[in-house]
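Colleague: Generate a structure from the sequence data that follows.
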Amino acid sequence: MKAKRIMGMQLLLSIILIVGFSSCSKKSSSKNTSRATGWNMDGKKGSSNKKQQAGPGLVFVEGGTFTMGKVQDDVMHDWNNTPTQQHVQSFYMDETEVTNSMYLDYLEWLKNVYPPTEENYKYIYEGASPDTLVWRNRLGYNETMTNNYLRHPSYAEYPVVGVNWIQAVEFSNWRTQRVNEALLEKNGYLKKDAKTQDVTADSNFDTETYLTSPTSSYGGNEEIVLKGGKGGKKAPKAKKDGTVVEAKNVYAQRSSGILLPEYRLPTEAEWEYAAAAAVGQREYNIYKGQKKYPWSGAYTRSSKRANKGDQLANFKQGNGDYGGIAGWSDDGADITNEVKKYPANDFGLYDMAGNVAEWVQDVYRPIIDNEANDFNYFRGNLYTKNKIGADGKIEIVTKDNMQFKTLSNGKKVATSFPGQIAQVPVDENETYLRTNFDKSNNINYRDGDKQSTRYYDFGESESSDDKANADKIMYNSPKHNVTTDSLGRMVRKYDNSNKRTTLINDESRVYKGGSWRDRAYWLDPAQRRYFPQDMATDYIGFRCAMSRVGPKADKKRSVRN
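Modeller: Predicted structure coming up:
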């Protein structure tokens, strides 16, 4: 009897050990085991639950719903901000406007990599440089700002101005490449200091080129583009039979979670949502209406005891009053002011009202079409794809086929650089049988077809050759043509038609927020104005944004049974 009891206890102990060992094995191997097939993936899967880190200069903005547009009286009678309910996903946004110091970093890099003295690159540096002449006024003496504002160290942390929309987009693209280049170097996928010592016009880094064809980065220099992450290439391994094979190596991939999404201009919906920052003031509930300013209350002066009466933004007080009486300044500035001089809003963003107005991505239209979309609203999509050459490989831009855009003043701005993948519009191969989009250019969606009555005589031909209908287009703006000849001289062909009805066209971009030149009326985040994308002023700057990948926020939510 005793022997049977001992045998039974031994059997029970064995079962417990087997079950325990089995569960431990299952637990320890689950990380690399596919939930779909049960196969051991041996680290082929990307990093699980890797959270996106904010890029340099960015702060997190948790997305949500808000009332886009105004609910107060429209005293300017623009009728372009009718309130609509919109929802934006979480994103990141620059804490401040892009400063002169930040932009000078960009210009210095361009000058070093694309020397203006070389024929192929002579337009790049000049095309990216801000227009410092925006400070001039026929009846004002502003030569001090014309000569000093961009480069003098006293203005280093002031927002950059004189930058048009196209230049702002190109700066954002450059910033994307430099940040991701640094991340790859930090994680051992690029040779140390390659981003400063080895970069030339022929060996430029581009994120999409690296992800698509890593060996094409840096002109295909394998001494710079490394495999295996930390520590670079792995050492070769010897088999038992004496043969030597190189260990399996990989380049960084999108699934590695190392590279960040692109820096870009914020959409109008994102900018307005971030400026209003309704998350901090529940008394201005977003379902009831829009806040008047990025701060709480209906006044521009602080009501807090410590700084009561101080202005909360840099704006024009009245005729001939840009900063107050000497010795007791209302807002501490007459032109722009150094960033972070005024309190941040509840998202931690500075100068979302005043200082400078800011470019956003959107093409301007008077109406926000929430019937077509109320999620991440944006007008201006131009869908493209990688260009494939005759050899079946992606086509990389070289110094001989860079793309330039000629502005209305004859200035050339580079819009593609060596090392990037050449882009072409999407065609019927991508759009066939799709219900969500049917063409590459979607700027005129629902205001450029018969169904949206773009033509006053509904149902007539939309053919561009039909001159009888040419003047019946709703947005019938002048069509100037400014080019340069082979000698670099401007050739201007102005549209002198007296039948044009508007200045709104597909190159009119929205800018948001008030500036040092604007009255308090324009500080309302819902206000919207437009300006030609290739023109610049002394009161429009910009800041960058970045999309959030993964969860809406990092909050831990309880799971209810």
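Colleague: Which of the three states applies to the residue nearest to Trp79 when sequence neighbours are not counted?
Modeller: Spatial nearest neighbour of Trp79, chain neighbours left out: Pro366 (6.7 Å); criterion: C-beta to C-beta, 6 or more residues apart in numbering. (Each C-beta comes from the backbone N, C-alpha and C, glycine too.) Secondary structure for Pro366, judged by DSSP: H, G, I helix; E, B strand; the rest coil, is coil.
Colleague: Going along the chain, name the helices of the stretch 301-450 of the chain.
Modeller: Under the criterion DSSP state H, counting those that start in this stretch, helices of the stretch 301-450 of the chain are mapped to 428-431.
Colleague: Next SSE downstream of the helix or strand harbouring Gln85?
Modeller: For Gln85, the enclosing helix or strand under DSSP states H and E is strand 84-88. Next in sequence after strand 84-88, counting helices and strands by DSSP H and E, comes strand 91-94.
Colleague: Pull up the distance across stretch 111-125, start to finish.
Modeller: 6 Å (C-alpha to C-alpha, to the nearest Å).
Colleague: which residues are contacting that stretch?
Modeller: Residues outside stretch 111-125 that contact it (C-beta atoms under 8 Å, 6 or more residues apart in numbering) are 107, 110, 126, 199-201, 204, 399-400, 402, 404, 412-414, 417.
Colleague: Buried only: go through the residues you listed for me.
Modeller: Buried subset of the contacts of stretch 111-125 (neighbour count, 16 or more other C-beta atoms under 10 Å): 107, 110, 199, 201, 204, 399, 402, 412-414, 417.
Colleague: hmm, which two among the residues you listed are most spread apart?
Modeller: Using C-beta to C-beta, the two most remote members of the buried ones among the contacts of stretch 111-125 are Val199 and Lys412, lying 22.8 Å apart.
Colleague: Which members of the buried ones among the contacts of stretch 111-125 occur in strands, if any?
Modeller: Judged by DSSP state E, strands contain the following of those: 412-414.
Colleague: and Asn345, what does it touch?
Modeller: Asn345 makes contacts with 275, 277, 280, 294-295, 352, as judged by C-beta under 8 Å, 6+ apart.
Colleague: Which pair of the contacts of stretch 111-125 spans the longest distance?
Modeller: It's Leu107 and Asp400 that sit farthest apart of the contacts of stretch 111-125, by C-beta to C-beta, at 23.8 Å.
Colleague: Okay, buried residues for stretch 544-556 please.
Modeller: Buried residues in stretch 544-556, defined by neighbour count with 16+ other C-beta under 10 Å: 544-548.
Colleague: swap in stretch 100-120?
Modeller: 100, 102-103, 106-107, 109-111, 113-114.
Colleague: before we move on, what about stretch 322-330?
Modeller: By neighbour count on 16+ other C-beta under 10 Å, the buried set for stretch 322-330 is 322-323, 330.
Colleague: same question, stretch 56-73
Modeller: Buried residues in stretch 56-73, counted by 16+ other C-beta under 10 Å: 57-61, 63-64, 66-70.
Colleague: could you redo the buried residues of stretch 544-556 as JSON lines and give each row pLDDT?
Modeller: Listed next are the buried residues of stretch 544-556 as JSON lines, based on pLDDT from 0 to 100:
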{"residue": "Cys544", "pLDDT": "98"}
{"residue": "Ala545", "pLDDT": "98"}
{"residue": "Met546", "pLDDT": "97"}
{"residue": "Ser547", "pLDDT": "97"}
{"residue": "Arg548", "pLDDT": "95"}
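Colleague: Identify the residues contacting Gln317.
Modeller: By C-beta under 8 Å, 6+ apart, Gln317 lies in contact with 323-324, 330-331.
Colleague: now swap in Phe171 and tell me
Modeller: Counting by C-beta under 8 Å, 6+ apart, the residues that Phe171 touches are 98, 103, 106, 128, 163.
Colleague: and it, which of the three is it?
Modeller: Per three-state DSSP, Phe171 ends up helix.
Colleague: Give me the distance between it and Met352.
Modeller: Going from Phe171 to Met352 by C-beta to C-beta, to the nearest Å gives 20 Å.
Colleague: do Thr537 as well
Modeller: Going from Thr537 to Met352 by C-beta to C-beta gives 19 Å.
Colleague: Where does pLDDT dip in the stretch 101-250 of the chain?
Modeller: Low-confidence segments of the stretch 101-250 of the chain, defined by pLDDT under 70: 198, 229-249.
Colleague: Could you do the stretch 401-550 of the chain as well?
Modeller: Counting by pLDDT under 70, the ranges of the stretch 401-550 of the chain that qualify are 448-474.
Colleague: close enough to count as contact, Thr415 and Glu170?
Modeller: Yes: using C-beta atoms under 8 Å, Thr415 makes contact with Glu170 at a distance of 6.8 Å.
Colleague: So for those two, which sits in the more crowded spot?
Modeller: Shown here are Thr415 and Glu170; by other C-beta atoms under 10 Å, Glu170 has more neighbours (23 against 16).
Colleague: Quick one: residues contacting the more buried one.
Modeller: With contacts defined as C-beta under 8 Å, 6+ apart, the neighbours of Glu170 are 128, 413-415.
Colleague: quick one: which of the residues you listed is nearest Gly220?
Modeller: Ala414 (22.4 Å).
Colleague: who does the closest one bridge with?
Modeller: Per DSSP bridges, the residues bridged to Ala414 are Phe404.
Colleague: Nothing else from me, thank you.
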